[in-house]
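In: this is a predicted model, with the sequence first.
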Amino acid sequence: MSVMDIFETMEYGSAPESASPALAWLKERQPFGLFIKNEWMKPASGQYLDSINPATGKLLVQVASANSADVNTAIAAARSAFESWSRTPGHVRARYLYAIARHIQKHARLLAVLESLDNGKPLRETRDLDIPLVARHFYYHAGWAQLMACELPSYQPVGVVGQIIPWNFPLLMLAWKIAPALAMGNTVVLKPARYTPLTALKFAEIMQEVGLPPGIVNIVTGEASQVGESLVRHRDVNKIAFTGSTDVGRSIRRATAGSGKKLSLELGGKSPFIVFDDADLDSVVEGAVDAIWFNQGQVCCAGSRLLVQENIEQTLIRKLRARMEKLRVGDPLDKAIDMGAIVSPTQLKEIQRLVNKGIEEGAQMWQPSWACPTEGYFFPPTLFTNVSPATSIAQVEIFGPVLVSMTFRTPEEAVALANNTPYGLAASVWSDNINLALDVAPKIKAGSVWINCTNMFDASSGFGGYRESGFGREGGKEGLYEYVRPAWETMPSVGIPIANNYSHMEDTTLSSNDKDSELSATLNDSSSASPLIDRTPKLFIGGKQVRSDSGYSRDVYNPRGRVVGQVSEGNRKDIRNAVEAAHAARGWSAGTAHNRAQILYYIAENLAVREEEFARRIVLQTGRTHANALEEVQATLSRLFSYAAWADKFEGVVHRPPMRGVVLAMNEPIGVIGITCPDEYPLLGFISLIGPAIAMGNTVAVVPSQQSSLSATDCYQVFETSDLPAGVVNIVTGERDTLSQVLAEHDDVDAVWYFGSAEGSKQVELASAGNMKRTWVNYGHERSWLDAVQGEGAEFLREATQVKNIWVPYGE
Ligand code: NDP
């Protein structure tokens, strides 16, 4: 027998891991109670749920099924612990997080086996990926706890956080949520997924081992309808962090609308895996195995759409099939298998349903010749070719080991296909031409882009989505902001000095009526001998002053109820036109930051020339003192300078995760932002919002102050003379909340900022659930726009950007 024959006939033996220590651990403790205040409590209902091993379909253990009374108890425990934990010095919190990381490592094998038993994923993955990443997360965030006082000095913890996690990476998702929450001084109530509670329960035991004070971490197992919904709706929860399906994410967005709860959502995906014809195809095949057959494809960022350049399609598909034929599916505790079991019969049925649909739709399905084990819930690796981009298998998240393949000819076509999805979580780009890969990566709408690699994660590099993949980041410094709020938010809001009955005017010989008309006359630049030339501003769309669709105008009143001007009454159609113009101007983001800065300076320059006129317009509309109005104009000029300064400085960072390579964390514009401006400070509020948005490369559709719209409409001419490209700023005057609602519902608006009433904020959050756009609302609370801490800076820049992490490995 030749050496070659030996190689070709060699079979893998099995390399089973013993489940005995984990099963003994379960047996000793079962049935599991709820972990509240560091104690194990019986559920109020006395009910328990079965936890099943998906590889065998057999019962592992029973865990408590909590109801809303138990959730209340857990939240009360977290609230009371928050008092002291939020004041515990960062160094002390760091010590606890460090201890947790150490204990995760001490129990690494037990945790890995428990995870495999409970979820069905291969031990190879839990041992080498899930658990080490869990420990890394706690170490990394121990560092942020230590550094919070110096790195985030003007922030405070959010409060009690409700965390809802899925079953696909049970302990890892717990770590992604609990580590930053604790580091920033919050307390938590966490609901594990129904199918996979076990490692969270072992984690609870670790909390006891490290002596974490009671109530900081509470783990409440049970059903979504009881535990999940109670957490979401509870009034004493300050934030919800959720990972799971887009449908549930959307329902949580609606349920929390207007409540003031912070929200981060990490949802589904249909991530592209793009292969150019110069890629190393053997590496690509191994990459595809990691992209779609890792964790049986039950990965939110799975590379489930293979986009391959047409001329290499046949070769790549042949190689892929050959590799699939060699994949091994079986007992998750066998260290020599590639794929384990699907988490539950429901998920298995859903995968089968979508695969059948793909066949019905005319795509060609291919599976290896071997059969999966019949005991337990297994599904073979599956490849679809001849897939049309509009079919359901090309669009719907299958969440199983199913890869669908499509072809492209040019890089432009690849980008268009990649972005042809409502999701935007991740993407892989394979090419030996680094220039091409780095050109394509920023064009893909996704939170993570992996170049010549896939499914790479690290605590230093934030993870999260665009569009229907949710909002917020987990990991990195950006992830910390999900668990803090500005320190000033508890300060009383600073009032605006309104002249008491126009007292500054009453010391003149003119009556206040006369004074009003004098101001009007001056503003209209007319002589008192001739009738005034009427100046009713139109809308500002696509760089042009256009009439509103409605053909109506609305009056602008001063605080005495006197009409001081008129503006156009914008409607739904005008907003649509404004959004369309903003889209057409998206080239703005491709220009240089230097150019954006120059234009902001130029706007300031042109506004400064008319400083006095703008001040008087503010007086006329608001009745504030002239000195105060002038202060607003001066602050506006300073703000324009600030954002001109920031335009080329809020750039991003380079991470060095534990791999040979770098991660480029780029602050990217969000796209088209719909902005509703506050009534207070009509000029400063307007510029304070559009400034950061356009400085970061967004284009905007703006509804200015409803009460005092004239300060914004006066800017038309300033914009026209400042080289601002048409469509970058579009302004629609009119009824604030009606127009904001249209912006929030619009599918082509990527984010909405709303500064108005509490009810308006709620309606914006509710309507935004349609395409899961990001929102930033004020819940009816005023901020002090004159104050540089509240009125400008990093908070605004973060709202105007999203972090894209581009992973670039190097070395041969
Ligand atoms: P869900 O979104 O239903 O579940 C995720 C978590 O949310 C679980 O803890 C679940 O509890 C809880 N939950 C469910 N409904 C509510 C609710 N109304 N209020 C509060 N919490 C709730 O995902 P599924 O497990 O049903 O999986 C369905 C699909 O979701 C998958 O096929 C996949 O497409 C997607 N998914 C995406 C994930 C991701 O990482 N982005 C992870 C998991 C699933 P319980 O487990 O008790 O039902």
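Out: Thanks, I have it. Predicted model only: the values in this text are computed from it and were never measured.
In: which intervals of the stretch 101-250 of the chain have sub-threshold pLDDT?
Out: Within the stretch 101-250 of the chain, no stretch has pLDDT under 70.
In: now do the helices in it.
Out: 108-119, 123-125, 131-151, 170-183, 198-210, 229-233, 246-256 (DSSP state H, counting those that start in this stretch).
In: just those helices: most buried one?
Out: Highest mean neighbour count of the helices of the stretch 101-250 of the chain: helix 170-183, a mean of 27 (counted as mean count of other Cβ atoms under 10 Å). For the C-beta atoms, the positions are set from N, CA and C on the backbone; glycine is no exception.
In: residue numbers of the chain in contact with the ligand?
Out: Applying Cβ under 6 Å from any ligand atom, one finds that the chain approaches the ligand through 164-168, 191, 193-194, 223-224, 228-229, 232, 243-245, 248, 251-252, 266-268, 300, 347, 350, 397, 399.
In: which of those residues are buried?
Out: By neighbour count, with 16 or more other Cβ atoms under 10 Å, the residues of the chain next to the ligand hold 164-168, 191, 193-194, 224, 228-229, 232, 243-244, 248, 252, 266-268, 300, 347, 397, 399 as buried.
In: mind listing what's buried along stretch 374-386?
Out: 376-385.
In: follow-up on the earlier one: format the helices of the stretch 101-250 of the chain as a markdown table; extra columns: distance to Ser51.
Out: Shown next, in a markdown table, are those (distance: least, Cβ to Cβ, whole Å):
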| stretch | distance to Ser51 |
| --- | --- |
| helix 108-119 | 6 |
| helix 123-125 | 18 |
| helix 131-151 | 19 |
| helix 170-183 | 11 |
| helix 198-210 | 6 |
| helix 229-233 | 20 |
| helix 246-256 | 21 |
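In: where's the residue nearest to Leu630 when sequence neighbours are not counted relative to Val546, distance?
Out: The shortest distance from Leu630 to any non-neighbouring residue, by Cβ to Cβ, 6 or more residues apart in numbering, is to Ala615 (4.4 Å). Going from Ala615 to Val546 by Cβ to Cβ, to the nearest Å gives 28 Å.
In: so for those two, which sits in the more crowded spot?
Out: Using other Cβ atoms under 10 Å, the more surrounded residue of Ala615 and Val546 is Ala615, with 22 against 18.
In: is it correct that the more buried one is in contact with Ala635?
Out: No - applying Cβ atoms under 8 Å as the test, Ala615 and Ala635 come out as separate, 11.4 Å apart.
In: residue in the stretch 601-750 of the chain with the shortest distance to the ligand?
Out: The ligand sits closest to Asp750 of the stretch 601-750 of the chain, with a gap of 20.0 Å, by Cβ to the nearest ligand atom.
In: what number of residues lie near Thr721?
Out: Neighbour count for Thr721, taken as other Cβ under 10 Å: 13.
In: give the contact list for Val703.
Out: Taking Cβ atoms under 8 Å, 6 or more residues apart in numbering, we find Val703 in contact with 570, 674-677, 731-734, 736, 739-740, 743.
In: what separation do you get for it and Phe138?
Out: Distance, Val703 to Phe138, by Cβ to Cβ: 44 Å.
In: now swap in Glu313 and tell me
Out: 44 Å.
In: again with Gly476
Out: Taken as Cβ to Cβ, the span from Gly476 to Phe138 is 15 Å.
In: go on, Ser757?
Out: 42 Å.
In: how about the residue most central in space within the chain, what does it touch?
Out: With distances taken as Cα atoms, centre = their mean, Phe471 lies nearest the centre of the chain, 1.5 Å away. By Cβ under 8 Å, 6+ apart, Phe471 lies in contact with 264-265, 464-465, 772, 774, 802.
In: looking at the sheet around it, what are its partners?
Out: Leu265 (DSSP bridges).
In: wait, Trp588 sits on Pro725?
Out: Yes - the pair Trp588 and Pro725 qualifies as a contact (Cβ under 8 Å) at a distance of 6.1 Å.
In: please name the residues that touch the residue in the stretch 501-650 of the chain that the ligand sits nearest to.
Out: Closest contact between the stretch 501-650 of the chain and the ligand, by Cβ to the nearest ligand atom, is at Ser589 (27.4 Å). Contact analysis of Ser589 by Cβ under 8 Å, 6+ apart lists 668-669, 697-699.
In: and if we set it to 10 Å?
Out: 442, 596, 668-671, 694, 696-699, 728 (Cβ atoms under 10 Å, 6 or more residues apart in numbering).
In: coming back round to it: any idea of the pLDDT on the residue nearest to the centre of the chain?
Out: pLDDT for Phe471: 94.
In: ok, the one 3 residues further on next?
Out: According to the prediction, Glu474 has pLDDT 96.
In: apart from its chain neighbours, what residue comes closest to it?
Out: Spatial nearest neighbour of Glu474, chain neighbours left out: Trp176 (4.4 Å); criterion: Cβ to Cβ, 6+ apart.
In: ok, the one you found touching Ile165?
Out: Yes - between Trp176 and Ile165 there is a contact under Cβ atoms under 10 Å: 8.4 Å.
In: which residues do the two both contact?
Out: With contacts taken as Cβ under 10 Å, 6+ apart, the residues that reach both Trp176 and Ile165 are 241, 243, 266.
In: report the contact partners of the nearest residue to the second one once chain neighbours are set aside.
Out: Among residues not flanking Thr243 along the chain, Glu266 sits closest, at 4.2 Å (Cβ to Cβ, 6+ apart). Contact criterion Cβ under 10 Å, 6+ apart gives 165-166, 173, 176-177, 241-244, 249, 300-301, 425, 447, 463-465, 469-474 as the residues in contact with Glu266.
In: before we move on, the earlier item: what about the residue nearest to the centre of the chain, distance to Ile252?
Out: Taking Cβ to Cβ as the measure, Phe471 falls 12 Å from Ile252.
In: any shared contact partners between those two?
Out: 263, 265, 267.
In: the ligand: which of these is nearest?
Out: The closest of the shared contacts of Phe471 and Ile252, once distances to the ligand are taken by Cβ to the nearest ligand atom, is Leu267, at 5.3 Å.
In: residues contacting that closest one?
Out: Contacts of Leu267 (Cβ under 10 Å, 6+ apart): 242-250, 252, 300, 397, 423, 425, 464-465, 467-471, 772.
In: so where's the stretch 501-650 of the chain shaky on pLDDT?
Out: 501-534.
In: let me see the ranges of the strands in it.
Out: 539-541, 544-546, 553-557, 563-568 (DSSP state E, counting those that start in this stretch).
In: report the angle between the longest one and strand 553-557.
Out: Pointing back at strand 563-568 there. 150 degrees (axes from the mean of the first three to the mean of the last three Cα atoms, to 10 degrees).
In: strand 563-568 pairs with which strands?
Out: Paired with strand 563-568 in the same sheet, following DSSP bridges, are strand 553-557 (antiparallel).
In: give me the buried positions along stretch 731-748.
Out: Per 16+ other Cβ under 10 Å, stretch 731-748 contains these buried residues: 731-734, 736-746.
In: quick one, what contacts the residue nearest to Pro54 when sequence neighbours are not counted?
Out: Among residues not flanking Pro54 along the chain, Gly120 sits closest, at 3.6 Å (Cβ to Cβ, 6+ apart). Taking Cβ under 10 Å, 6+ apart as the criterion, Gly120 is in contact with 52-56, 167, 195-196, 295-296, 298, 331-332, 339-344, 347, 376-378.
In: try Pro725
Out: By Cβ under 10 Å, 6+ apart, the contact set of Pro725 is 543, 584-585, 587-588, 591, 595, 599, 694, 699, 719.
In: switch to 6 Å and redo it
Out: Going by Cβ atoms under 6 Å, 6 or more residues apart in numbering, Pro725 touches Ala585.
In: how near is it to Arg560?
Out: The value you get for Pro725 to Arg560, if Cβ to Cβ is used, is 40 Å.
In: can you give me the strands in the stretch 701-812 of the chain?
Out: Secondary structure of the stretch 701-812 of the chain (DSSP E, counting those that start in this stretch): strands located at 729-731, 751-754, 774-777, 801-809.
In: deepest of those, which one?
Out: strand 729-731 (a mean of 29).
In: appreciated, that's everything.
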